[in-house]
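Q: Take this sequence and fold it.
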Amino acid sequence: METIMIKQVDAFTDMPFGGNPAGVVTEAGSLNEEQMQMIAREMNLSETAFVTPSDKADFKVRFFTPGSEVDLCGHATIGSFYALHEEGRLDSGRSVFTQETKAGVLEVERSFVDGRPVFIMTQAKPRFEDIGASRGEIAGLLRIDESELLDAAPLNVSTGLWWFVVGLKRLETIRDLKPDFTAMSDFSERHGLVGVIPFCLQAHDPEAALHMRAFAPFAGINEDPVCGTGNGCAGAFIGHHRLVEFEDEVDLVSEAGYEVHRPGRVFISLHREAGEVSRVKVGGSAVTILEGKMRF
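A: Predicted coordinates for the structure are as follows:
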């Protein structure tokens, strides 16, 4: 019988039971892909991360949903590096670390706010696609009136994973969404998407610039509480459509998770070169809420 140590870390929050929970195995070098998938299924969280040695970066991190491996996961990255920090495995003399992922080798920065570690991950260079979906079809997925959509054209956006990003006008609308998950799953499958990210430029927290939700029924997750890659894509969309004016760089705060009673906060940093969004960073703090042994 094999035994591994595993943690559950709430990411994008500094309070237990907030943010987005991720499973983290910080010593996964002995596990094969089939075992990683079984562990992720047993944890039954949106993602479980497995940290192994890398010859390209400080660590290699693989991410599994209960059903399959994905190239990148924002909240599980934050959870993984918070767990590594807790275990004393991040050099105290450094502030920037690297992770090898299936989306490339990406940087993760560590800073401290009020004595708590905060981790900021650089995501993949933003990519944008217009798939030609009609406003009527998009409104139908979300079960809202077309008039609730921003004029900014919804787009497929990737900062490591492809999400369909939709801007809405009112906080009340996004809070009350009851999407057509069957239609949304079919839409995601047809267009090669993880899911749909609706957001608005209104928020409960006066320090937040946007409120967002993340729906991924095709990936088996009707709603992800506080999604790192989804926030990265929403930020890239905002910069691409110039919904927030800035020259070279801007920092935004996003709020999410309210509707599923797991409020969280995400820091988004956008960098622009030659008029285009060239780099997106996403981060936050975390809390380890559970740790123990898994035997199999």
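Q: can you give me the helices in the stretch 101-250 of the chain?
A: Using DSSP state H, counting those that start in this stretch, the helices of the stretch 101-250 of the chain run over 135-142, 171-175, 181-191, 228-240.
Q: Relative to F17, tell me which of those helices wins on proximity.
A: With Cβ to Cβ as the measure, helix 228-240 is the member of the helices of the stretch 101-250 of the chain nearest F17 (18.4 Å). The C-beta positions use only the backbone N, C-alpha and C, and glycine is treated the same way.
Q: mean confidence for that closest one?
A: Across helix 228-240, the average pLDDT comes to 97.
Q: Using CSV, write down the CA coordinates of it.
A: Extracted in CSV, the C-alpha atoms of helix 228-240 (Å, rounded to 0.1, in the frame of the first residue of the first chain):
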residue,chain,number,x,y,z
GLY,A,228,-7.5,32.0,-11.7
THR,A,229,-7.3,31.4,-15.5
GLY,A,230,-10.9,32.8,-15.8
ASN,A,231,-9.8,36.0,-14.1
GLY,A,232,-6.7,36.2,-16.3
CYS,A,233,-8.9,36.0,-19.4
ALA,A,234,-11.4,38.5,-18.0
GLY,A,235,-8.5,40.9,-17.3
ALA,A,236,-7.1,40.4,-20.8
PHE,A,237,-10.6,41.0,-22.3
ILE,A,238,-10.9,44.3,-20.4
GLY,A,239,-7.5,45.4,-21.6
HIS,A,240,-8.1,44.3,-25.2
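Q: just how off-centre is that helix within its chain?
A: 10 Å (Cα atoms, centre = their mean, to the nearest Å).
Q: before we move on, what about stretch 277-294?
A: 9 Å.
Q: Same question for stretch 271-288.
A: 12 Å.
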